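J.: Mind folding the following:
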Amino acid sequence: MSRIALVTGATSGIGKATAEALAGVGINLILCGRRQDRLDEIAAQLAAKVEVTTLLFDVRDKGSVSAMIGSLPDHWKNIDILINNAGNAHGMGTLEEGDVEDWDAMIDGNVKGLLYVSKAIIPLMLERGKGHIVNISSIAGKETYVNGAVYCASKAAVEVLSQGMRLELTQHGIKITNVAPGAVETEFSLVRFKGDEARADKVYQGFDPLQAVDIADAILYAVNAPAHVTIADLTILASAQSAATTIYRK
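T.: Prediction:
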């Protein structure tokens, strides 16, 4: 019987690449996101390989998260893999200059959103005595950098939540994997810099950044590891990157 994976933030970047990788090995998909047109487009692309359904919600809306996951038909609730990918970065500035709305967006999405989705899925895994949760953290969760304190704090929370989940859920047959990417060329910087394409492009100039498919490959490796193996924590950097903000450019 094919496994089922629920992927949040599936409409772009790492989430989309991960959905494609999972479909490539026959894992059925529940694609979640905030843009129905993109969900429909990706679902249509992958439907030739696997069964696909979509859920439209913002992870920051706990009522919507609970209602939409609760609305799944019973056979779709047999979720084997949860990819907690949805998240965001907004702005770069000192704490005294920071936009409180940006802070709320990052904390609500990166921390509370992960919790809301996990709370809806964990009981389903506990009932079956098995499952695998993959949380997408960041190198920023391991190293704090200038003008990024709130984003770094939100990703550090993901690191801690991954550890807490592992302590609580391993005994119930549920694996936890924390993946911490470095510089990945996606829409990330475009969102962070409020659509400023020139500024976003500059982030990835002068070196070969990671691509979303690189992270998807690592996730695929983790979820396909033998039953007796847990890939607990993966930090993935571009070859030109040695730390969160140390990148050797040409």
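J.: low pLDDT regions in the chain?
T.: For the chain, no stretch has pLDDT under 70.
J.: ok, 90 please
T.: For the chain, the stretches with pLDDT under 90 are 1, 93, 186-202.
J.: longest helix anywhere in it?
T.: helix 149-169 (DSSP state H).
J.: hang on, isn't residue 23 packed against residue 49?
T.: Yes: counting by CB atoms under 8 Å, residue 23 does reach residue 49; the two are 4.6 Å apart. Bear in mind the C-beta positions are built from the backbone N, C-alpha and C, glycine included.
J.: who has more neighbours, these two?
T.: residue 23 (22 against 16; other CB atoms under 10 Å).
J.: SS state for that one?
T.: helix (DSSP: H, G, I helix; E, B strand; the rest coil).
J.: And residue 235, by the same measure?
T.: Put simply, residue 235 is strand when judged by three-state DSSP.
J.: Pretty sure it sits against residue 159.
T.: No: in this structure residue 235 lies outside contact range of residue 159 using CB under 8 Å: 10.4 Å.
J.: who touches both of these two?
T.: Listed as contacting both residue 235 and residue 159 by CB atoms under 8 Å, 6 or more residues apart in numbering are 142, 180.
J.: out of those two, which sits in the busier spot?
T.: With neighbours defined as other CB under 10 Å, residue 235 and residue 159 compare such that residue 159 has more, 18 against 15.
J.: show me the contacts for the more buried one.
T.: The contact partners of residue 159, by CB under 8 Å, 6+ apart, come to 137, 141-142, 178, 180.
J.: out of the residues you listed, which is most surrounded?
T.: residue 137 (27 neighbours).
J.: Torsion angles phi and psi at that residue?
T.: Dihedral pair for residue 137: phi -90, psi -130, per degrees, to the nearest 10.
J.: about what we covered before: tell me which entries of the contacts of residue 159 lie within strands.
T.: The members of the contacts of residue 159 that map onto strands under DSSP state E are 178, 180.
J.: buried sites along stretch 51-71?
T.: Neighbour counts over stretch 51-71 (16 or more other CB atoms under 10 Å) mark 51-55, 57-62, 65, 68-69 as buried.
J.: got the end-to-end distance for it?
T.: End-to-end distance for stretch 51-71, by CA to CA, to the nearest Å: 17 Å.
J.: same check, this time on stretch 161-181
T.: 17 Å.
J.: all helices in the chain, in order from the N-terminus.
T.: Listed in chain order, the helices of the chain (DSSP H) span 13-24, 36-46, 62-70, 100-107, 113-128, 149-169, 188-192, 197-203, 212-223.
J.: ok, residues contacting the second one?
T.: The list of residues contacting helix 36-46 from outside it, by CB under 8 Å, 6+ apart, reads 10-12, 16, 19-20, 23, 29, 31-33, 52-54, 56.
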